[in-house]
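Engineer: Here is my input, please return the structure:
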Amino acid sequence: MQATSSPAEILANKLYTIADKVRKAETVYYVAVHELNTLKLDIEMREVDLFKSGKVDGKNELTRKVSILPETEMLLRKKLDLEAKVHRLKSDYWHLKAVQENYRHIAN
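Structural biologist: Numbering: from 1, shown residues only. Here you go, the predicted structure:
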């Protein structure tokens, strides 16, 4: 026969579980932020390489964009995807933090 858990034990378990989820969500978020920052650096380095190789004419901003965009389009698209992922992960993290805070209030 299985013993029934008390409401306090159930709440304690939920607090422990949510704390673990918050830690994991935070880690995943910061890994994604790091990936995004690395990608931004990669884009900058690609643009520098294009200037150094003479593939970009620096006469005006529009000319530079026309020269750079075809060479960096895939990286820029990946950047947009990563930015969306970072925003989603940040939202997930803050949602879990709010749930954790609600459990703490209930526990007190």
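
Engineer: my read: A107 touches L11, true?
Structural biologist: Yes. A107 lies in contact with L11 (C-beta atoms under 8 Å); the separation is 5.5 Å. Just so you know, the C-beta spots here come from the backbone N, C-alpha and C atoms, and that holds for glycine as well.

Engineer: Between the two, which has more neighbouring residues?
Structural biologist: For A107 versus L11, the count of surrounding residues by other C-beta atoms under 10 Å is larger for L11: 15 against 11.

Engineer: For the most centrally placed residue in the chain, pull up the helix or strand it's in.
Structural biologist: Residue closest to the average C-alpha location in the chain (C-alpha atoms, centre = their mean): V86, at 2.4 Å. Under the criterion of DSSP states H and E, V86 resides in helix 61-107.

Engineer: Could you pull up the mean pLDDT of that helix?
Structural biologist: The pLDDT scores in helix 61-107 average 95.

Engineer: Could you check how far it is from the centre of its chain?
Structural biologist: Distance of helix 61-107 from the chain centroid (C-alpha atoms, centre = their mean, to the nearest Å) equals 5 Å.

Engineer: and what of stretch 51-71?
Structural biologist: When distances are taken as C-alpha atoms, centre = their mean, stretch 51-71 is centred 30 Å away from the chain's centroid.

Engineer: Tell me how many other residues surround S6.
Structural biologist: The number of residues packed near S6 is 9, by other C-beta under 10 Å.

Engineer: Revised request: answer the last question for R64.
Structural biologist: R64 has 16 neighbours, counted by other C-beta under 10 Å.

Engineer: Kindly provide the distance from it to G58.
Structural biologist: 6 Å (C-beta to C-beta, to the nearest Å).

Engineer: what sits against the residue nearest to the centre of the chain?
Structural biologist: The contact partners of V86, by C-beta atoms under 8 Å, 6 or more residues apart in numbering, come to Y29, A32, V33, L36.

Engineer: Not counting its neighbours along the chain, what's nearest it?
Structural biologist: Nearest residue to V86, sequence neighbours excluded (C-beta to C-beta, 6 or more residues apart in numbering): A32, at 4.9 Å.
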